[in-house]
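In: structure here, sequence nowhere to be found:
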């Protein structure tokens, strides 16, 4: 694969019922499938862009607990536990968490030109403010994913909410959807 630029399309949201939401993101990542898979589906890859994963049992029915690596943020749980609910090596990894976090799914498609296509969905319950929070959070984390894949994993000790706040404002005003 070449050194092409990653593309993170703005996330979209769909509401089902009163408070059930589905967020969707599509990423075009200029890296081979095994490298992207390792980032989204291994305890070694996840800390570079998302969270520490301990335990992590890579199989359907396996346990997963994600531990936040950013400084404490009021109202956010430091860890969430769940189960691996779909697992197809180098294709699909899905994690369903207890309570509000809901279900997240990473679906890798074969390379298209010099990019692997990663389709991401997050299903959860919550209000419209939580939808904006999560759109901004995932978009921010996907920027970290792109950096980690390029060899620069996140330095969580330097994390601040500034970039996240800017993304949240863009989603609130609809600017992210227009980029």
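Out: Received the coordinates, thanks. Since this is a predicted model, take the numbers as computed values, not measurements.
In: list the contacts for the most centrally placed residue in the chain?
Out: Ranked by distance to the mean C-alpha position of the chain (CA atoms, centre = their mean), the top residue is residue 138 at 5.0 Å. When contacts are counted by CB atoms under 8 Å, 6 or more residues apart in numbering, residue 138 touches 11, 23, 25, 120, 122. (Each C-beta comes from the backbone N, C-alpha and C, glycine too.)
In: secondary structure and neighbour count added to those, as JSON lines?
Out: Listed next are the contacts of residue 138 as JSON lines, based on DSSP: H, G, I helix; E, B strand; the rest coil; neighbours: other CB atoms under 10 Å:
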{"residue": "11", "secondary structure": "coil", "neighbour count": "24"}
{"residue": "23", "secondary structure": "strand", "neighbour count": "21"}
{"residue": "25", "secondary structure": "strand", "neighbour count": "20"}
{"residue": "120", "secondary structure": "strand", "neighbour count": "20"}
{"residue": "122", "secondary structure": "strand", "neighbour count": "20"}
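In: in this protein, where is pLDDT below threshold?
Out: For the chain, the stretches with pLDDT under 70 are 1-3, 72-75, 175-179.
In: which residues sit in contact with residue 16?
Out: So residue 16 contacts residue 22 (CB under 8 Å, 6+ apart).
In: now residue 15. Nearest residue, chain neighbours left out?
Out: residue 21 (5.6 Å; CB to CB, 6 or more residues apart in numbering).
In: cheers, nothing more for now.
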